[in-house]
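Enquirer: the sequence isn't on hand, but the structure is:
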């Protein structure tokens, strides 16, 4: 067994974003995972997904949107998938922590969760 330390991460503030990212695992370019922490009124500004992305809300709540800019609520226990090239944004008023899994080969059919 080998133990690892989780740091506070790196604060991201470019383009009006306000969140912290702590990368976890990267597998030779196939996929990577990161912990995203959004504080009170945190935001991951509207941007285009470079690769398919799955956001899993671990704690807290917020809203997400896609290209239609229709904001939908998310909370602990929910997940959202964005296709490569899809524009999207994540916001929270009270704070939220999410695990993000992303990579070139990630497909919606790979997700073993029930649709909501």
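Expert: Arrived safely. Everything numeric in this text was worked out from a predicted model, so none of it was measured.
Enquirer: contacts and neighbour counts: CA atoms only from here.
Expert: Fine.
Enquirer: show me where the chain dips below the pLDDT cut-off.
Expert: 29 (pLDDT under 70).
Enquirer: what about the strands in the chain?
Expert: Counting by DSSP state E, the chain has strands at residues 10-12, 19-27, 31-38, 43-48, 53-65, 72-75, 79-82, 87-91, 96-102.
Enquirer: ok, residue 23 touching residue 31?
Expert: No: with contacts counted by C-alpha atoms under 8 Å, residue 23 stays clear of residue 31, the gap being 11.4 Å.
Enquirer: ok, and what's touching stretch 36-53?
Expert: 15-22, 81-107 (C-alpha atoms under 8 Å, 6 or more residues apart in numbering).
Enquirer: just stretch 83-97 next, same as before
Expert: Outside stretch 83-97, the residues touching it (C-alpha under 8 Å, 6+ apart) are 35-53, 57-67, 69, 82, 107.
Enquirer: which of those residues are buried, as a PyMOL select command?
Expert: If you want just the buried ones from the contacts of stretch 83-97 in PyMOL, going by 16 or more other C-alpha atoms under 10 Å, the selection is:
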select buried, resi 35+36+37+38+39+42+43+44+45+46+48+49+51+52+53+57+58+59+60+61+62+63+64+65+66+82+107
